[in-house]
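J.: Model the structure of this input:
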Amino acid sequence: MTTTIFENARVHLDLDAEASTSEPEAIVVVDQRIAAIGSVADCRAAAPAAAARIDLQGGHVTAAFIDAHVHTVQLATRSLEVDLSAADGFERLALQAGAALRAGGPGRTGNGWLLGAGWNAGAWDDRRPADLSALDRATGATPVALHSADLHAYWLNSAARDRLGIDRSLAPDGIVAEAPAFAVQHEIERSIRGSIEDRVLGVLHELTRAGVAGVHDIDDRIAREIFQRLAAERALPLRVHKLTIDAELDEVADDGIRTGSGDAWLDYGGVKLFSDGALGSHTCFLSEPFTDRPDSRGVEAINMMELRQTIVRCADRGFSTAIHAIGDAAVRNAADALATSRSALVGGAVPHRIEHAQHVRREHLTLLARSGAFAVMQPESCTSDIDMVERRLGSREVLSYGWRTLLEHGVPIAFSSDAPVEGIRPLHGIHSAITRERPDGTPAGGWQPHERLTRSQAWRAYTVTAARAAGHVDRGRLAPGMLADFIVLDRDPRTVDAAALRDAQVVRTVLGGATRWDAHDPHQPSVTP
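T.: As a prediction, the model looks like this:
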């Protein structure tokens with residue numbers, strides 16, 4: 001039995017509470033769990049005389065963050081891709097890809113590809129359609145795959161389209177979206193798997209530096225096998241809750257995995273299903289046409305009957321579900337299917353989830369609450385998407401990123417980054433949640449400010465509610481008996497202004513009582529869960 005006292009801190013149990021001179025100053029950890037929280041004197045009295053003592057030097061302690069929706073392999077892949085986020089139009093995108101190819105630096109893979117990422121047509125002023133001939137002129141015979149920021153589309157040149165065996169009639173302009181884009185992604189990841197594996201551990205360490213103690217990973221077999229290897233080697237630097245993609249359900253189930261199986265470092269969640277696509281790619285499923293594309297309501301990836309049947313099929317194999325739904329019609333379909341299939345809950349321990357739930361009609365709020373699903377949302381996407389939401393959805397009666405309204409209607413909200421769609425720093429997401437302003441402070445007072453959250457609400461969405469979305473009841477908050485997962489900040493998260501909170505630094509990340517990141521230690525501790 002090992003005991004450690006973390007002392008000389010300001011321990012924050014409620015970020016909406018007024019400051020008090022009687023706030024806890026120390027935490028006692030016994031065998032990875034919190035044994036006591038209180039004054040330094042009381043915690044020392046409660047611990048053996050031989051207990052280790054760590055001085056937190058007046059830092060501010062809160063529960064560590066849990067990112068409830070991350071694409072770890074795609075984060076690792078992003079580190080191999082050239083950044084094309086500055087492009088404003090397909091013509092400029094083609095020129096940037098050509099320049100990257102000539103430079104011979106980032107983006108080139110060992111097997112001859114040029115990979116790029118981050119373009120967002122929904123934010124462009126240049127609305128001209130993709131011109132494949134422009135991309136071909138810029139890139140020639142090198143296969144080029146340019147991944148959209150929302151991860152739902154690629155722009156491929158002819159060489160890439162031919163190497164992948166994609167019929168030219170199916171992508172005459174080189175654009176592939178949704179299922180064909182996911183197939184492209186998986187094939188590219190398979191072809192550069194060694195390079196990805198070399199980078200995943202670095203990605204996980206970067207997450208711990210951002211104060212993240214656990215992730216819910218959404219990627220496929222490559223991610224699962226990497227996590228399993230790291231877990232077997234006791235080398236995971238944070239906790240992983242691994243979801244399964246629909247295509248791998250039978251394979252994973254045949255390996256004996258079920259929702260809820262695993263341990264405190266690697267366990268398994270539900271099956272990821274796609275109900276629609278994304279707003280940025282004009283593929284989210286809407287009840288009314290897009291304002292800027294009146295001939296389209298998006299993509300219904302699976303109809304209601306098939307969705308109900310799939311939920312039951314997953315339950316029969318021991319899995320809950322996590323349904324991707326962004327457009328209001330897709331959210332309605334997901335909520336209706338889950339409400340109808342409540343009997344298919346897997347033991348009730350790990351709830352069903354709706355991933356994103358970005359746009360919801362008020363008349364569907366009761367249905368959404370009745371479904372029992374957790375809404376797993378991305379606060380930073382709200383402020384990234386302001387202009388695109390207004391351009392594509394106009395003034396229709398729909399709640400976009402309606403966090404406060406969802407909470408008021410009894411829908412639990414877990415926060416996440418959807419990285420690499422957004423950055424990995426939860427404090428940036430919290431800033432978006434409490435201000436609904438971009439980092440530059442616009443729009444002043446926040447976009448649709450009535451949906452802003454309090455600091456405590458935003459913190460809970462990134463901690464205890466994210467834990468509950470994975471069926472975990474022993475993490476996400478600071479209390480005796482909970483896993484000792486906490487962070488130390490360099491400033492008071494209750495009293496600093498929102499901009500200062502966004503820029504706060506995580507100076508220490510502790511998991512199970514062991515320090516996984518210490519900004520003041522040039523020699524980081526070995527990773528031994």
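
J.: Do I have it right that P426 meets R209?
T.: No: between P426 and R209 there is no contact under CB atoms under 8 Å: 11.7 Å. Where you see a C-beta, it was placed from the backbone N, CA and C, and this is true even at glycine.

J.: Who has more neighbours out of those two?
T.: Neighbour tally, P426 and R209, criterion other CB atoms under 10 Å: the higher count belongs to P426, 30 against 19.

J.: Can you give me the buried ones in the single longest strand found in the chain?
T.: Longest strand of the chain, by residue count under DSSP state E: strand 266-274. By neighbour count on 16 or more other CB atoms under 10 Å, the buried set for strand 266-274 is L266, D267, Y268, G269, G270, V271, K272, L273, F274.

J.: Which stretches in the stretch 1-150 of the chain count as helices?
T.: For the stretch 1-150 of the chain, the helices defined by DSSP state H, counting those that start in this stretch cover 40-46, 72-78, 90-103, 132-139.

J.: before we move on, the earlier item: which other helices and strands contact the longest strand of the chain?
T.: Counting contacts by 3 or more CB pairs under 8 Å, 6 or more residues apart in numbering; DSSP states H and E, strand 266-274 is packed against helix 221-232, strand 239-245, helix 304-316, strand 321-325.

J.: That strand vs strand 239-245, what angle?
T.: 30 degrees (axes from the mean of the first three to the mean of the last three CA atoms, to 10 degrees).

J.: Switch the helices of the stretch 1-150 of the chain over to TSV; also include mean pLDDT, mean neighbour count and distance to L478.
T.: Below are the helices of the stretch 1-150 of the chain laid out as TSV (pLDDT from 0 to 100; neighbours: other CB atoms under 10 Å; distance: least, CB to CB, whole Å):
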stretch	mean pLDDT	mean neighbour count	distance to L478
helix 40-46	97	15	13
helix 72-78	95	25	26
helix 90-103	95	19	46
helix 132-139	97	19	52
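
J.: So which of those helices is nearest A117?
T.: helix 72-78 (5.8 Å; CB to CB).

J.: what comes into contact with that closest one?
T.: 115, 117, 151, 185, 188-189, 192, 196-197, 199-200, 202-204, 215, 217, 219-220, 222-223, 226, 419-420, 424 (CB atoms under 8 Å, 6 or more residues apart in numbering).

J.: Kindly export that helix (C-alpha atoms) in PDB.
T.: The C-alpha trace of helix 72-78 is given here as PDB (Å, rounded to 0.1, in the frame of the first residue of the first chain):
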ATOM      1  CA  THR A  72      -6.200   9.200 -32.000                       C
ATOM      2  CA  VAL A  73      -4.900   7.600 -35.200                       C
ATOM      3  CA  GLN A  74      -6.100  10.600 -37.200                       C
ATOM      4  CA  LEU A  75      -4.300  12.900 -34.800                       C
ATOM      5  CA  ALA A  76      -1.100  10.900 -35.400                       C
ATOM      6  CA  THR A  77      -1.800  11.000 -39.200                       C
ATOM      7  CA  ARG A  78      -2.300  14.800 -39.000                       C
END
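
J.: now that helix, how far from the centre of its chain.
T.: Taking CA atoms, centre = their mean, to the nearest Å, one finds helix 72-78 lying 12 Å from the centre of the chain it belongs to.

J.: Residue ranges in the stretch 251-400 of the chain under the pLDDT threshold?
T.: Residues of the stretch 251-400 of the chain meeting the criterion pLDDT under 70: 342-348.

J.: residue boundaries of the strands in it?
T.: Using DSSP state E, counting those that start in this stretch, the strands of the stretch 251-400 of the chain run over residues 266-274, 321-325, 353-356, 359-360, 374-377, 399-400.

J.: Distance to A121 for those - can I get that in JSON lines?
T.: As requested, the strands of the stretch 251-400 of the chain are arranged in JSON lines below (distance: least, CB to CB, whole Å):
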{"stretch": "strand 266-274", "distance to A121": "20"}
{"stretch": "strand 321-325", "distance to A121": "20"}
{"stretch": "strand 353-356", "distance to A121": "19"}
{"stretch": "strand 359-360", "distance to A121": "18"}
{"stretch": "strand 374-377", "distance to A121": "23"}
{"stretch": "strand 399-400", "distance to A121": "19"}
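
J.: Now do the contacts for the closest residue to R293 other than its chain neighbours.
T.: Nearest non-adjacent residue to R293, counting by CB to CB, 6 or more residues apart in numbering: H282, 5.6 Å away. Neighbouring residues of H282 by CB under 8 Å, 6+ apart: F290, R293, S296, G298, R392.

J.: Please tell me which one of those residues counts the most neighbours.
T.: Going by other CB under 10 Å, G298 tops the contacts of H282 with 25 neighbours.

J.: these two touch, right, that one and G277?
T.: Yes: between G298 and G277 there is a contact at 6.4 Å, judged by CB under 8 Å.

J.: intersection of neighbour lists for these two?
T.: Joint contacts of G298 and G277 (CB under 8 Å, 6+ apart) are T283, C284, F285.

J.: For the stretch 401-529 of the chain, give me the ranges with low pLDDT.
T.: In the stretch 401-529 of the chain (pLDDT under 70), the answer is 522-529.

J.: where exactly do the strands run in it?
T.: Using DSSP E, counting those that start in this stretch, strands in the stretch 401-529 of the chain cover 413-415, 486-489, 506-511, 514-518.

J.: Give me the angle between the third one and strand 239-245.
T.: Our comparison of strand 506-511 with strand 239-245, counting by the same axes, to 10 degrees, yields an angle of 80 degrees.

J.: and strand 506-511, which strands flank it?
T.: strand 486-489 (antiparallel), strand 514-518 (antiparallel) (DSSP bridges).

J.: about what we covered before: which among the strands of the stretch 251-400 of the chain is found nearest to G260?
T.: strand 266-274 (6.9 Å).

J.: Return that closest one as PDB; C-alpha atoms alone will do.
T.: Extracted C-alpha coordinates of strand 266-274, given in PDB (Å, rounded to 0.1, in the frame of the first residue of the first chain):
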ATOM      1  CA  LEU A 266      -8.200   0.300 -21.300                       C
ATOM      2  CA  ASP A 267     -11.900  -0.600 -21.500                       C
ATOM      3  CA  TYR A 268     -14.400  -0.800 -24.300                       C
ATOM      4  CA  GLY A 269     -17.500   1.200 -25.200                       C
ATOM      5  CA  GLY A 270     -20.200   1.100 -27.700                       C
ATOM      6  CA  VAL A 271     -20.400   0.800 -31.500                       C
ATOM      7  CA  LYS A 272     -20.100   3.900 -33.600                       C
ATOM      8  CA  LEU A 273     -22.900   4.300 -36.100                       C
ATOM      9  CA  PHE A 274     -23.300   7.000 -38.700                       C
END
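
J.: relative orientation of it and strand 321-325 in degrees?
T.: Going by the same axes, to 10 degrees, strand 266-274 makes 40 degrees with strand 321-325.
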